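K.L.:
I need the structure of the sequence given here:
(4 chains, ligands or ions: 4)
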Amino acid sequence: MTDMTSQATPSPDEKLDSASARRARIMGGVLIALALLVLFGLNVTPGEVATFRLTTPRDAIQVGNLVVPGGPFNMIAAALLAFLGVRQFLRGGAKWTNLSLGIGLAILVMAFLVWATAGKSFSLTGMLQATMVRAVPIALGGLAGVLSERVAVVNIAIEGMLLAGAFTGALIGSLLGGWVGMFAAILVGGGFGMLLAALVVTYRMDQIIAGVVINLFVLGVTSYVSSQVFSEYRHLNNAPTFRAFKIPLLGDIPVIGPMLFNQNLFVYGALILVAISTYYLFHTKNGLRARAVGEHPRAADTLGVDVYRTRYIHVTLGGMVAGFGGAWFTLGSVGRFDENMTNGRGYIGLAAMIFGRWHPVGALSAALIFGFADSIQQKLALLNTPIPSEFLAMAPYIATIIVVAGLIGRSKPPAANGTPYTKE
Amino acid sequence: MSSGPDLKEVNERMRGLMARTTHGRDDFEDLVIVPLFAVVVALIFGALIMLATAVDLPTIGRSFVALAVGSVGSLSAWSETLTASIPLVLAGLGLGLGFRAGLFNIGAEGQLLMGGLAAVVAGFTLAGLPWIIHLPLTLLIGALVGALYAAIAGFLKATTGAHEVISTIMLNLISYRLLDWLLRQPFIQREGRSDPISKDVPPSAELPRILDFIDVNLRLHAGIFVMLAAVAFVYWMLFRSKIGFAFRASGENPDAANYAGMNAAFIIVLAMGTAGALAGLAGATQVTGVLGRASPGFSAGIGFDAIAVALLGRSHPVGILFAGILFGALEAGGRQMQVSAGVSIDLIGIIQALIIIFIAAPLLVRAIFPWGFRKRTKRVGDA
Amino acid sequence: FTACQVTDTGGIDDAGFNQTAWKGVQDAMEASDIEGRFLESQAETDYEANLNSLIEGNCDIIVTVGFLMGDATKAAAEANPEQKFSIVDFAYDPTIPNVLGQVYATDQGAFLAGYLAAGMSQTGVVGTFGGINIPPVTAFMDGFYYGVQYYNEQKGTDVMVLGWNPESSEGLFTGNFDSLDDGRAFAENLHQEGADIVMPVAGPVGLGSAQLADEMGTDSLKIIGVDADQTQTDPEKAHVYLTSVLKRMDSTVTQVIDMAMNDTFEGGLIVGTLENEGVGLAPYGAFEDSIPEELKAEIEAVKAGIIDGSIQVGM
Amino acid sequence: MDVELRGLTKRFGPVVANDNVNLHIRAGEVLGLLGENGAGKSTMMNMLSGLYTPDEGEILIDGKPVKFEGPGDGIAAGIGMVHQHFMLVPVMTVAENVVLGVEPTGKFGYLDIKKARRQVEEINEKYRLHVPPDELIEELPVGIQQRVEILKVLFRSADVLILDEPTAVLTPQEVREFFGIVDTLKKAGKAIVFITHKLHEVLEISDRISVLRQGRITGEGDPKTLTESDLAEMMVGRPVSFTTAKGDAKPGRTMLELHDVTMLDENDDKVLDRVSMTVRSGEVVGVAGVQGNGQTELVEAITGLERVASGKIDFDGTDITYARVRERHKMGMAHIPEDRHKSGMVDSFSVAENMVLNNYYAPEYSKGWAIDWPKVHETAAKYCVEFDVRTPSVFLPGGALSGGNQQKMVVARELERQTKLVIASQPTRGVDVGSIEYIHERLIASRDEGDGVLIVSSELDEIMGLSDRIYVMYDGRIVAEFDNTGGKADRNAVGLAMAGSFEGEAA
Ligand SMILES: Nc1ncnc2c1ncn2[C@@H]1O[C@H](COP(=O)(O)OP(=O)(O)OP(=O)(O)O)[C@@H](O)[C@H]1O
Ligand SMILES: Nc1ncnc2c1ncn2[C@@H]1O[C@H](COP(=O)(O)OP(=O)(O)OP(=O)(O)O)[C@@H](O)[C@H]1O
Ligand SMILES: [Mg+2]
Ligand SMILES: [Mg+2]
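P.N.:
Ligands and ions are numbered 1, 2, ... in the order given. You can find the predicted model right below:
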């Protein structure tokens, strides 16, 4: 073996230029900037306290208000942020980076709330309750997206499915009552899911075009009927709503009770659906098959899993979930349909899905963030903060961009997402 | 090195290779018959929907007449059709260009708003310049701001991989709020008003109406030339220019583009920027040609309709031009339909959607009308 | 004779603003045999195009509904000096010869509503929110606010108004005139902060607030309607309306159509006030019995005071 | 179990992939199936497994005709196929992949993953496969992934096992182990169809051999009586020479030099570990190794497609460690990528556009900011003629060409440029024998014109036949270097090094 030479004796401590280390450093910088922001931008007049009301006079169990001394709180917040930032700089790692950013943003939000509320008060419980309510259609939209994208069908049509659900809920609900209305909404949502599946699976239409078109179509039909028919026959657009019902005992727990256990059918429904879908997707036979179809349809096919059927079923299921979410707008909220009343919530649901990494619980969490931002903004508008309300309204969207860019830029959709499958 | 048996034979073979493949019947079916079917079928469906909502037959008849008359039946109808199509085509070109480069930009709406607002601001702050400078400058600033706004999403995608669908949706939502706020700043807000509305664009920055010598109510403005120029420019850019080659390559196969040494980050930012510039230009022509000022939501969903226009036009500049005019015609005709037949203009949305369905899913049209088409042969032969 | 109307973006069936104005045309259609047409605006950009469509359509008078249509109407009127126009909620200064503006002193009506709300509130907190921060909207909110202040002054109470501050011109706005869901959420928000009476000034958005009041029960939350008597336009939820601040666009629109038919039309302004009953307070509906008689009487007195000028609406 | 294929025919548009084929498969026997690329082997087996439906003909099991609606039916009938391209879901575990489609379940469709794991262990035990059931597929080396595929088939208690080119990704040592497994299976009474291109393998393991050419069975025989050249002739239809004629290398100056190049993947694991190597002008350097040992990353580092974490790369005396891809092209680096479909070409682009994919910006094709298309078309036509790319027109989409022609198109583009260094990665993968000879000749011609040529291939024969010097990669490192002037390197030693066992020996 004369012509053979062995190579490379290791030199131990080389400096490696790794992407995650770079990212950790950037995040460190961001966190330190946030610390400075809290320190100088959100400084509270000394002695002022922020009062968060936890119960209303009508609640069964009364607890005192949460009173936070503004100045000290925000000093501590700034210090924590700075600590996290410095830590990132010194020894940030892949796992820690995301966690630190998450904690950092949470601290920032708290510091901001304390700053905005200093010297005033508002109902924290009310805000959390509203958070939950506002998150419902987004979470259900996101969940619909998860179900269909897990089998690799991109679902831009969530918006249209929500709108169709809202419309059907109002129309059928007015004629035959809330429950029938709700089931009709689910069916119609499922119908549009099936239509999407037919267009993309059977007719091989581009998935995004199919989604956009369904949105256009639903918007057209519902607006048309609403202005052509509902304006004349008002009784067709006057549905009963599902009211909140308090779950005994649990509903009386301060803060948590009103938020989770004193809500209407749709809130409970969303939570249950998220739980069921998580179980379904990750712990059942059919869930495994569905995910396989989304990741590697041909592999699934060779094992006797019917790819087309699986796609049909899940996109339809997604449509049904979206139809249920759509019914929230009418049967769960205002009892009547209004043109384009979903107002882009389906697209936000799509964002929640991506934000939530194609996981039902992730989608729900993302939806809660949107809901939180939505309700916080309304509270702040009443508090007369010097920040223009438009900027408060923007905050969740900006935060989403930051998080998507910083946190999950690399999160991966199901491998086959968006690609049609041809058998032969 | 040609291992050259016979120079003549080699030349012969080269000539053969360079002969263009002629358009076959398949192309003809795809480009002419399918769209025609689509429009006809969509109209029939529209009639069925009207029937289903208890509109009587004479009214349906009148509404179709009104649709035709209102869109192409008179000079003023043409004027309205083209006026409506200008921003649709411009924004659609931007989106189509993005699609070609593999970017699913949903953000035309926001880019259009920001570009339009910038044009308004440029319009009244630069008042006093001669129009020959003022107008182009105003449009340019609108395009530039649209480009910058879009480039945010491009930049984020290029540097962090943030999905452009999310970031453009968010940028749209942000733009509404930003517009509301900006319109209330003293610098922009009209004197004496407390609601969000901007100052007026002075005449020297307005796109002149080109048919007002016939009738003052003809709104068609010089933006139509901007639109045509943009169609030509995008065509050139996509199919003739070097950068367009890179756009298309990264859209079709990003791995191959990367392999070929195309700078993905640069392409993403530039393609987004160009798309944003066109959307911004759409906004700018809208405020300088039609609206004269900016108010909340002045985009009126054009940015979203433009997605449909771009898809319908198959991301091809000429296709987008026709798709935009078709959408403009439906809009103008739809208005007439509501006025003279009392049928809600929302019907138009349905018809638009149906047209796209039938065009985008030729298999579906073929399934519905098997007799209209020759049976498809598979791929073209190989070696 | 044909009367045409362009609605604002809320739609013709908004149970308030546009619907009331359209009722004016309908009333005229019933009274004298004329034709009425309308065109809905889908977006603010439609105003001009819609006006153009109507100019084509041989209308004897075109009524535009909404402050936001002011510019478009002006442009159309100047381009078509022969065409008669009338606009609801806008006054031109100087006036245009072929446009008749219809404006309303809604703050007078809302003042009474504020007084009533202050008198009826159990929690000592009342609220209001608007659609967009424009004068026709904020006029209601101003009146409401000052009505409450006047009550406080008279009674030495400390009833608080959430959602509007006339001094800083800042308050709670949904930013649109069509999201019912916002109406519900905003009312809920005000309710969480203690308000038990809410006056939404945002067209159909208020229907969402009414829905919430219906669910919560009127002990928790009552609604004050605006524009039309909402017990009539929203009969299903009639029981939640404490009253409505009337803005009698129907009567002024009919008036304008009559003028145009009788050739007495000329450019200028019609102002609806408490005095000429162009604005007012609707009947108390379901609350007729629960409102104390003295409070009703005081309100009549305040009304008289406003009419004779002894009470100033606003500070 | 006894399976018979009778008169099977399958067409894909104008391509007749299988033309009236007859085949007999018997229990306890290994049937070797040979054929060039595109001969129709996979198609035939896909029909047998139920993935494709035959256009004509029938399948008989134990004499009874059967009709498969989908792979599910095939599985039910006891036919299991290990596909040429792995049919594994990378983000799922071994156990999940194995039970997919026949999952052990509890109440409410609950997936009993514990039971699945147990079942996997049982089969592991029985056939001595040694596959870790809880590992994610994407974290396993290809050799193990291969076993997972076999496990999948066994798990479904298949009696007929179709193994489509299972050895393509294995080292010679792994092939040995694999043959052991096949033997066990045969003894257990399974019928096995073994597909490969490698003649010596098929001679070694099969009991019977069938050869397929252009969709037809062109020969059958007994491995004991046949020789490699008999088989080759049956496959190709003419006598084949197994070596590329080439003169000696005349190495010149150093073209490419890597110093301690290290690269990390997204999890910060080292995929290249202090790699150093040189390529001189006028020589062909081969990089041997089993797929997945860092060759892909090595090429990415050299061509600039990925960022290196440390180390230095010199190209003709210039430091290019951080140079962009395009700069490297401009300096004279040509790159034939390992997967032409994924990165070497754009399917929807015309042949002409593909021909200038990475130098469309060059001055000779430019008119200002635009591309001089007539010039491009002319050049493309010229290259097509020169490199024998068979296409009716340069306007035809590149994706419409057959695999071999696509590869020739890519090779033409890369070699026709002014180059100093050619990086050829798997240059003949999926290409027919005729084209292979041609591409090899062109690479040697580049060398003889004075270019440095670096060939990365998992086909050891290709490396041995072309290279003047050979590096062997294992686990992200260069573990050995061989001089192969005049073909003097020891094939066995190279094979051992590929399996990583060299280190032990050298120490
Ligand atoms: N799904 C398909 N669509 C169209 N043509 C196909 C398809 N599958 C295979 N073919 C064609 O059928 C022929 C036979 O292909 P097949 O995959 O059976 O070959 P093979 O003998 O397995 O080759 P290899 O050695 O490359 O695996 C080829 O010409 C191939 O291009
Ligand atoms: N998935 C597919 N769908 C449609 N056509 C295909 C598909 N795969 C291959 N083909 C077509 O089959 C033909 C042969 O393709 P393939 O690449 O398998 O060729 P091949 O016979 O292996 O040729 P070569 O000898 O050049 O490798 C080509 O015309 C190709 O377009
Ligand atoms: Mg092949
Ligand atoms: Mg094969």
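K.L.:
all helices of the stretch 251-383 of chain B, in order?
P.N.:
B:254-259, B:264-286, B:302-312, B:317-341, B:347-360, B:362-368 (DSSP state H, counting those that start in this stretch).
K.L.:
cool, the stretch 51-200 of chain C as well?
P.N.:
C:70-79, C:106-120, C:135-155, C:180-192.
K.L.:
which stretch among these comes nearest A:Asn43?
P.N.:
Closest approach to A:Asn43 among the helices of the stretch 51-200 of chain C (C-beta to C-beta): helix C:180-192, 27.5 Å. Any C-beta I mention is one placed from the backbone N, CA and C, and that applies to glycine too.
K.L.:
how about the contacts made by the closest residue to C:Gly194 other than its chain neighbours?
P.N.:
Once flanking residues are discounted, C:Gly194 sits nearest to C:Val125: 3.8 Å by C-beta to C-beta, 6 or more residues apart in numbering or on different chains. The contact partners of C:Val125, taken as C-beta atoms under 8 Å, 6 or more residues apart in numbering or on different chains, are C:Val159, C:Met160, C:Leu162, C:Glu193, C:Gly194, C:Ala195, C:Asp196.
K.L.:
in the chain, what spans have low per-residue confidence?
P.N.:
Looking at chain A here, since you left the chain open. Counting by pLDDT under 70, chain A shows low-confidence ranges at A:1-19, A:57-60, A:92-95, A:406-411, A:424.
K.L.:
let me rephrase: I mean chain D.
P.N.:
Low-confidence segments of chain D, defined by pLDDT under 70: D:37, D:238-245, D:430, D:432-434, D:501-507.
K.L.:
tell me how it divides into domains.
P.N.:
D:3-236, D:242-332+D:421-426+D:448-507, D:339-417 (automatic domain parsing).
K.L.:
any part of the shortest one near ligand 3?
P.N.:
Yes: looking at domain D:339-417 against ligand 3 by C-beta under 5 Å from the ion, the contacts come from D:Gly403.
K.L.:
that domain and chain A, are they touching?
P.N.:
No: using C-beta under 8 Å from any C-beta of the partner chain, domain D:339-417 stays clear of chain A, with a minimum separation of 13.4 Å.
K.L.:
hmm, back to that, who does the residue nearest to C:Gly194 bridge with?
P.N.:
C:Met160 (DSSP bridges).
K.L.:
now it: how far from C:Gly163?
P.N.:
10 Å (C-beta to C-beta, to the nearest Å).
K.L.:
pretty sure D:Gly50 contacts D:Gly78?
P.N.:
No: using C-beta atoms under 8 Å, D:Gly50 is not in contact with D:Gly78, being 11.4 Å away.
K.L.:
who's more crowded, these two?
P.N.:
Remark: of D:Gly50 and D:Gly78, D:Gly50 carries more neighbours, 25 against 17, as counted by other C-beta atoms under 10 Å in any protein chain shown.
K.L.:
residues in contact with the closest residue in space to D:Leu203 that isn't next to it in sequence?
P.N.:
Of all residues not flanking D:Leu203 in the chain, D:Pro223 sits nearest, at 4.8 Å (C-beta to C-beta, 6+ apart). Counting by C-beta under 8 Å, 6+ apart, D:Pro223 touches D:Gly32, D:Val202, D:Leu203, D:Glu204, D:Ser206, D:Asp207, D:Arg208, D:Ile209.
K.L.:
what's the ChimeraX syntax to select whichever of those residues are buried?
P.N.:
Selection command for ChimeraX covering only the buried members of the contacts of D:Pro223, criterion 16 or more other C-beta atoms under 10 Å in any protein chain shown:
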select /D:32,202,203,206,207,208,209
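K.L.:
widest-spaced pair of the contacts of D:Pro223?
P.N.:
Most distant of the contacts of D:Pro223, by C-beta to C-beta, are D:Glu204 and D:Arg208, 13.4 Å apart.
K.L.:
taking chain A, what residue is nearest to ligand 2?
P.N.:
A:Thr422 (7.4 Å; C-beta to the nearest ligand atom).
K.L.:
okay, now B:Thr159: neighbour count?
P.N.:
Residues near B:Thr159, counting by other C-beta under 10 Å, number 14.
K.L.:
shouldn't it be within a strand?
P.N.:
No: B:Thr159 is assigned helix when assessed by DSSP: H, G, I helix; E, B strand; the rest coil, not a strand.
K.L.:
I figured it was touching B:Phe266, is that so?
P.N.:
No: proximity of B:Thr159 to B:Phe266 does not meet the contact threshold set by C-beta under 8 Å, at 11.6 Å.
K.L.:
how about the helices in the stretch 51-200 of chain A?
P.N.:
Using DSSP H, counting those that start in this stretch, the helices of the stretch 51-200 of chain A run over A:70-91, A:94-117, A:124-149, A:158-176, A:178-197.
K.L.:
nothing else from me, thank you.
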